[in-house]
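Asker: no sequence on hand, only this structure:
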């Protein structure tokens, strides 16, 4: 499954990147094609492009704050919003919810 994700936390430092890494590792382990954008103190990093969005089957938003550029993802039917802590502590649960 082609999955996109966005991670963001209030301070935009540690938890943003911990969640991104956790989702990437779990997604790849489960055989998914996953790309993660981080939004934090450094701004948007690894920005998801229109090419990334094309054909994406799902979007995971692991965030405690509003994300920037949400309108870019209108074409994705399956969007799952979860707390950042869930992405860090139990990313497999997120992928189970998507399926």
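Answerer: That came in fine, so what should we check first? Keep in mind that this is a model prediction, so the values were computed, not measured. Numbers count the residues shown, from 1 in each chain.
Asker: in the chain, which spans are strands?
Answerer: Secondary structure of the chain (DSSP state E): strands at 2-8, 33-40, 43-45, 58-63, 79-82.
Asker: can you tell me which of the ones you listed has the worst average pLDDT?
Answerer: Here the lowest mean pLDDT among these goes to strand 43-45, at a mean of 92.
Asker: just checking, what packs against that strand?
Answerer: strand 33-40 (3 or more Cβ pairs under 8 Å, 6 or more residues apart in numbering; DSSP states H and E). For every residue, glycine as well, the C-beta is placed using N, CA and C.
Asker: ok, and what's touching the strand it packs on?
Answerer: 1-9, 11-13, 16-17, 20, 23-24, 27-28, 44-48, 52, 63, 67-68 (Cβ atoms under 8 Å, 6 or more residues apart in numbering).
Asker: which of the residues in that strand are buried?
Answerer: Taking 16 or more other Cβ atoms under 10 Å as the neighbour-count basis, strand 33-40 is seen to contain the buried residues 34-40.
Asker: what about that strand, distance to the chain center?
Answerer: Its chain's C-alpha centre and that of strand 33-40 lie 5 Å apart, by Cα atoms, centre = their mean, to the nearest Å.
Asker: and the angle from that strand to strand 58-63?
Answerer: Strand 33-40 and strand 58-63 are oriented at 30 degrees to each other (axes from the mean of the first three to the mean of the last three Cα atoms, to 10 degrees).
Asker: who does strand 33-40 pair up with?
Answerer: In the sheet, strand 33-40 lines up against strand 2-8 (parallel), strand 43-45 (antiparallel) (DSSP bridges).
Asker: adding distance to residue 85 and mean neighbour count, write the ones you listed out as JSON lines.
Answerer: Formatted as JSON lines, the strands paired with strand 33-40 follow (distance: least, Cβ to Cβ, whole Å; neighbours: other Cβ atoms under 10 Å):
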{"stretch": "strand 2-8", "distance to residue 85": "11", "mean neighbour count": "24"}
{"stretch": "strand 43-45", "distance to residue 85": "20", "mean neighbour count": "13"}
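Asker: mean pLDDT per helix and strand in the protein: which one sits at the bottom?
Answerer: None of the helices or strands of the chain scores lower by mean pLDDT, DSSP states H and E than strand 43-45, at a mean of 92.
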